[in-house]
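sequence plus predicted model, see below.
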Amino acid sequence: MEKKFKSGFVALIGRPNVGKSTLMNHLIGQKIAITSKKPQTTRNKIQTVYTCEEGQIVFLDTPGIHKAKNKLGEYMVNVAEKTLKEVDVILWLVEPDTFIGAGERHIAEQLQNIDVPVILVINKTDTVKKEEVLLFIDTYRKLMEFDEIIPASALRGQNTEMIVDEIFKYLPEGPMYYDEDTVTDQPMRQIVAELIREKALHALNDEIPHGIAVTIEQMKKRPNGKLYDIEATIICERDSHKGIIIGKKGAMLKKIGTNARYEIEQQLEMKVNLQLWVKVRKDWRDSELLMKNYGYREEKDS
């Protein structure tokens, strides 16, 4: 008897920095979502696609659910919470801990009203003793009823195959939504902008990254087909930030550009001529118009 093809949508949720993007990049086998230890790294709902013989999983990597402090924060939380109602399975990532904080309780409350299977993944278990993991499982079991609880390490690739198996257990039979070569619905311009933002997040100190966005002014291939010319602007909120991003004699901007260019070349599989500028747009995170301009758009219900 032929096995039926299963397919569906899976929301990846969790507080900022629990490893959602790392897990997704690991499962997909290439870098789509940017990663950093700083909050608000993922700002839009990113779709990636995992296809195998058994079926197809469309992952939605949502922004971290948290209490919003400005318009950008509200936008991120709305995207995340709306996604939960539109999926077949919810994958909730947490860190290994016996203390369940307000952030986790807030997410558990959101999930109480949603009739979708929830798989809890206790990530980063490579950082704790094996015997402690059972304690963490027990702690979370008391928080709410989960369909599955899986200890894993996205960074080390431990138990990640089991996560995929468990997801397929709960997915309905369905069509192939994307052809098997597709790994993301993100346009390449957006991936490039995000890679530049990631390198800025890595290079800059804690205060500035929240307030930066990246726009691609131009991205085109030269007629000989061997080189991409990319012009991009890093948007920041203050003049003092602009000075820090550019750095002494342009050193910081050069570092961001060099690191970003390397990753962009890996993605595009060709040489890149990258030019970066820095502009100040005061308080853009509280301006709906500027947020839309920088790619943070609410999706209208169809």
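Cool, the structure landed.

stretch 120-139: how far from the chain's middle?
23 Å (Cα atoms, centre = their mean, to the nearest Å).

contacts for it next, please.
Stretch 120-139 has contacts (Cβ atoms under 8 Å, 6 or more residues apart in numbering) with 18-19, 23, 91-98, 100, 140, 146, 148-156, 158-159, 163. Glycine gets a C-beta too; all of them are placed from N, C-alpha and C.

can you pull the buried residues of it?
For stretch 120-139, the neighbour count (16 or more other Cβ atoms under 10 Å) marks 120-125, 128, 136-137, 139 as buried.

please save the CA atoms from that stretch in PDB.
These are the backbone C-alpha positions of stretch 120-139, laid out as PDB (Å, rounded to 0.1, in the frame of the first residue of the first chain):
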ATOM      1  CA  LEU A 120       7.100  21.300  23.100                       C
ATOM      2  CA  VAL A 121      10.800  21.200  22.200                       C
ATOM      3  CA  ILE A 122      13.100  21.800  25.100                       C
ATOM      4  CA  ASN A 123      16.100  23.200  23.100                       C
ATOM      5  CA  LYS A 124      19.800  23.600  24.100                       C
ATOM      6  CA  THR A 125      19.800  20.300  26.100                       C
ATOM      7  CA  ASP A 126      23.400  19.900  25.100                       C
ATOM      8  CA  THR A 127      24.200  22.700  27.700                       C
ATOM      9  CA  VAL A 128      22.800  20.700  30.700                       C
ATOM     10  CA  LYS A 129      23.300  17.400  32.500                       C
ATOM     11  CA  LYS A 130      21.300  14.500  31.000                       C
ATOM     12  CA  GLU A 131      19.700  13.700  34.300                       C
ATOM     13  CA  GLU A 132      18.300  17.200  34.600                       C
ATOM     14  CA  VAL A 133      16.300  17.000  31.400                       C
ATOM     15  CA  LEU A 134      13.600  14.800  33.000                       C
ATOM     16  CA  LEU A 135      13.200  17.500  35.700                       C
ATOM     17  CA  PHE A 136      12.600  20.100  32.900                       C
ATOM     18  CA  ILE A 137      10.100  17.900  31.100                       C
ATOM     19  CA  ASP A 138       8.200  17.400  34.400                       C
ATOM     20  CA  THR A 139       8.200  21.200  35.100                       C
END
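
wouldn't Arg141 be in contact with Glu148 here?
No - in this structure, Arg141 is not within contact of Glu148 by Cβ atoms under 8 Å, at 11.3 Å.
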